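S.K.: Any chance you can model this:
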Amino acid sequence: SVSVHTEIICHYRQNYKQIKKCTTNGFVLNVDIYLRYNRYKRRNIMDIIRIMKINAWLMGAYAMVRAAAIVKNLSGAGPAAVIAVSLAALALVRFLTGNMWKLKGMLSLTFMFSLIVSDIAVVTVSLVSRSISGNGLFLSGSLYTVWICCGIGLAAWGLLMLYGYINEKHVKATEYTFCSEKIKEDLRICVMSDIHFGTIQKKDTLAKHIEIINSYKPDIILLAGDVTEERTSGEDMSELFRHLSKLSSRYGTYFVHGNHDKQQKLTAKERTYTDEEYDRAMKEAGIHCLDDDCVKLRENVTVIGRNDYTEKTRAGLETLLKETDPSSYRILFEHQPEEYKDCAAAGIEIHITGHYHGAQNWPNNILYKLADIKYLGIYRIGEMKLLVNAGFTGSAYPIRSHSKCEYLVINLKNSYICNWLFGNCHYKER
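M.R.: Below is the predicted model of the structure:
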């Protein structure tokens with residue numbers, strides 16, 4: 001992989017539009033999040049951007065071949081017409097498949113992948129059964145095969161989008177149980193992230209699941225960022241914290257900022273609420289902000305909160321850990337799953353994050369894996385457990401075809417009892 005330093009001299013929020021202009025066209029995966037201040041190392045930004053660009057060109061090349069096959073079989077057009085249509089198809093796909101976090105980019109990406117999968121399926125069947133002449137992919141393919149591939153691809157894409165629309169409305173609890181000799185008394189943690197209130201998920205859905213979370217009788221509740229975003233109005237922000245004020249736990253509710261809470265992509269005039277209004281609403285709701293701070297729950301359990309990775313004022317990990325006891329059970333939560341290797345090396349037991357919405361849509365999960373992004377579930381990093389929450393809702397649009405919306409319930413138990421009941425690690429979905 002390529003490790004680089006990306007230097008941005010001015011403030012992230014002020015230079016958002018300039019950053020976007022500096023990126024080349026094609027698949028650039030949420031580049032506003034991946035460009036960092038020069039004091040951070042970007043572990044694989046060039047790999048990510050390169051994968052997105054390659055993918056866009058592959059989609060364009062496929063569109064050229066597909067368009068040429070259809071035109072040639074429909075009208076028997078000459079080489080000039082076939083080339084013209086192919087170039088037009090390339091230009092259209094390159095225009096549509098821009099940013100996968102935009103609706104047109106997601107729809108285009110999933111549609112093109114659906115066509116490719118249908119082509120592969122039809123070609124495989126034709127090669128095995130010999131019941132269909134031609135392979136439907138190249139210029140020599142029969143018109144019959146071309147339309148079969150298009151029909152299957154369109155139907156698969158439609159079903160995928162319908163499933164994604166329905167799936168987005170359902171939220172589940174994912175429950176983990178971990179064992180440690182450092183845990184003397186059972187501890188239950190509930191984690192929510194990426195609520196994006198007032199945008200996609202219905203407001204009464206949050207109220208319903210707050211009651212469910214309270215029924216777990218958690219000892220502490222962690223809000224791992226992006227509870228609001230740029231599209232959240234000032235009224236919705238106030239309503240959100242009225243809902244969150246109903247969360248009940250033994251040690252209280254703690255919050256860290258994400259990359260949207262401060263409406264980073266908007267100018268001061270465009271913002272719908274100020275930082276002061278946000279902090280006041282949070283304080284009135286009885287929620288504690290733990291940005292670059294820590295709290296000792298018990299003699300041997302410490303919770304550490306970190307400000308978002310995009311914030312230039314974010315404290316270093318060494319600075320935070322100086323205030324903690326290395327022999328205690330240390331839980332670190334932040335919005336983005338970054339610097340997890342440093343956390344593991346520092347002896348953190350559990351690293352809790354969110355941000356990626358569980359890839360949200362197929363085939364984002366494939367691209368994330370190619371870029372080596374920890375986007376969903378549990379990962380073992382040395383002795384540390386990295387938990388990446390899929391988020392309470394989706395991002396940008398109400399379609400979620402890959403993962404389910406979720407919040408986490410983490411049970412920490414003494415190792416002797418826990419190993420006897422569950423083994424070293426156990427989790428279930430509800």
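
S.K.: which SSE is Ala207 in?
M.R.: According to DSSP states H and E, Ala207 maps onto helix 203-215.

S.K.: What is that helix packed up against?
M.R.: When contacts are defined as 3 or more Cβ pairs under 8 Å, 6 or more residues apart in numbering; DSSP states H and E, helix 203-215 sits against strand 171-180, helix 234-244, strand 405-414. Heads up, the C-betas are built off the backbone N, CA and C, glycines and all.

S.K.: So what are the sheet partners of the first one and their directions?
M.R.: Pointing back at strand 171-180 there. Here strand 171-180 is paired, per DSSP bridges, with strand 405-414 (parallel), strand 425-429 (antiparallel).

S.K.: Direction-wise, compare the first one with helix 203-215 and give the angle.
M.R.: Going by axes from the mean of the first three to the mean of the last three Cα atoms, to 10 degrees, strand 405-414 is angled at 10 degrees with respect to helix 203-215.

S.K.: ok, which stretches of the chain are strands?
M.R.: Counting by DSSP state E, the chain has strands at residues 171-180, 187-192, 220-223, 253-255, 287-289, 293-298, 301-305, 329-333, 350-353, 377-381, 384-388, 405-414, 425-429.

S.K.: Quick check: buried residues in the fifth one?
M.R.: Put plainly, it is strand 287-289. By neighbour count with 16 or more other Cβ atoms under 10 Å, strand 287-289 contains the buried residues 287, 289.

S.K.: mean pLDDT lowest for which of the strands of the chain?
M.R.: Lowest mean pLDDT within the strands of the chain: strand 425-429, a mean of 47.

S.K.: Now do the helix holding Ala207, average pLDDT.
M.R.: Helix 203-215 comes out at a mean pLDDT of 92.

S.K.: what comes up buried for that helix?
M.R.: Under 16+ other Cβ under 10 Å, the buried positions of helix 203-215 are 205-206, 209-210, 213.

S.K.: any chance of those in JSON lines, plus distance to Gln263?
M.R.: Formatted as JSON lines, these follow (distance: Cβ to Cβ, whole Å):
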{"residue": "Thr205", "distance to Gln263": "23"}
{"residue": "Leu206", "distance to Gln263": "20"}
{"residue": "His209", "distance to Gln263": "24"}
{"residue": "Ile210", "distance to Gln263": "24"}
{"residue": "Ile213", "distance to Gln263": "26"}
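
S.K.: quick one: which of those is nearest to Ala285?
M.R.: Checking the buried residues of helix 203-215 against Ala285 with Cβ to Cβ, the nearest one is Ile210 at 11.8 Å.

S.K.: hmm, back to that, let's have the strands of the chain in TSV, adding distance to Cys343.
M.R.: Formatted as TSV, the strands of the chain follow (distance: least, Cβ to Cβ, whole Å):
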stretch	distance to Cys343
strand 171-180	16
strand 187-192	16
strand 220-223	15
strand 253-255	18
strand 287-289	20
strand 293-298	13
strand 301-305	9
strand 329-333	6
strand 350-353	5
strand 377-381	8
strand 384-388	6
strand 405-414	16
strand 425-429	18
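
S.K.: count of residues packed around Thr267?
M.R.: Burial of Thr267 is recorded as 11 neighbouring residues (other Cβ atoms under 10 Å).

S.K.: Could you measure from it over to Ala396?
M.R.: Noted for Thr267: a distance of 20 Å to Ala396, by Cβ to Cβ, to the nearest Å.

S.K.: Same check on Glu338?
M.R.: Glu338 sits at a distance of 21 Å from Ala396 (criterion: Cβ to Cβ).

S.K.: How about His357?
M.R.: From His357 across to Ala396, the span is 9 Å (Cβ to Cβ).

S.K.: try Glu185
M.R.: Between Glu185 and Ala396 the computed distance is 42 Å (Cβ to Cβ).

S.K.: Which one's more surrounded, these two?
M.R.: Per other Cβ under 10 Å, whichever of Glu185 and Ala396 has more neighbours is Ala396, with 20 against 12.

S.K.: Ramachandran angles for the more buried one?
M.R.: phi 80, psi -40 (degrees, to the nearest 10).

S.K.: quick one on the thing from earlier: which one, of the helices and strands packed on helix 203-215, ends up nearest to Ala371?
M.R.: Counting by Cβ to Cβ, Ala371 lies closest to strand 405-414 out of these; the figure is 22.3 Å.

S.K.: now that closest one and strand 384-388, what's the angle there?
M.R.: Counting by the same axes, to 10 degrees, strand 405-414 lies at 160 degrees to strand 384-388.

S.K.: and Glu322, how many neighbours?
M.R.: Actually, residue 322 is Lys. It isn't Glu. Lys322 has 9 nearby residues by other Cβ under 10 Å.

S.K.: ok, now how distant is it from Ala315?
M.R.: 10 Å.

S.K.: same deal with Glu339?
M.R.: Taking Cβ to Cβ, one finds Glu339 at 12 Å from Ala315.

S.K.: Settle it for me: which of the two has more neighbours?
M.R.: Applying other Cβ under 10 Å to Glu339 and Ala315 shows that Glu339 carries more neighbours, namely 20 against 13.

S.K.: tell me the pLDDT at the nearest residue to the more buried one once chain neighbours are set aside?
M.R.: Nearest non-adjacent residue to Glu339, counting by Cβ to Cβ, 6 or more residues apart in numbering: Leu317, 6.6 Å away. Looking at Leu317, its pLDDT stands at 88.

S.K.: Contact partners for Leu317?
M.R.: Leu317 makes contacts with 306, 339, 342-343, 346, as judged by Cβ atoms under 8 Å, 6 or more residues apart in numbering.

S.K.: Return a PyMOL selection command for the buried portion of those.
M.R.: Listed next is the PyMOL selection for buried residues among these, using 16+ other Cβ under 10 Å:
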select buried, resi 306+339+343+346
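
S.K.: Mind checking which of the contacts of Leu317 land in helices?
M.R.: Taking DSSP state H, the ones among these that sit in helices are 342-343.
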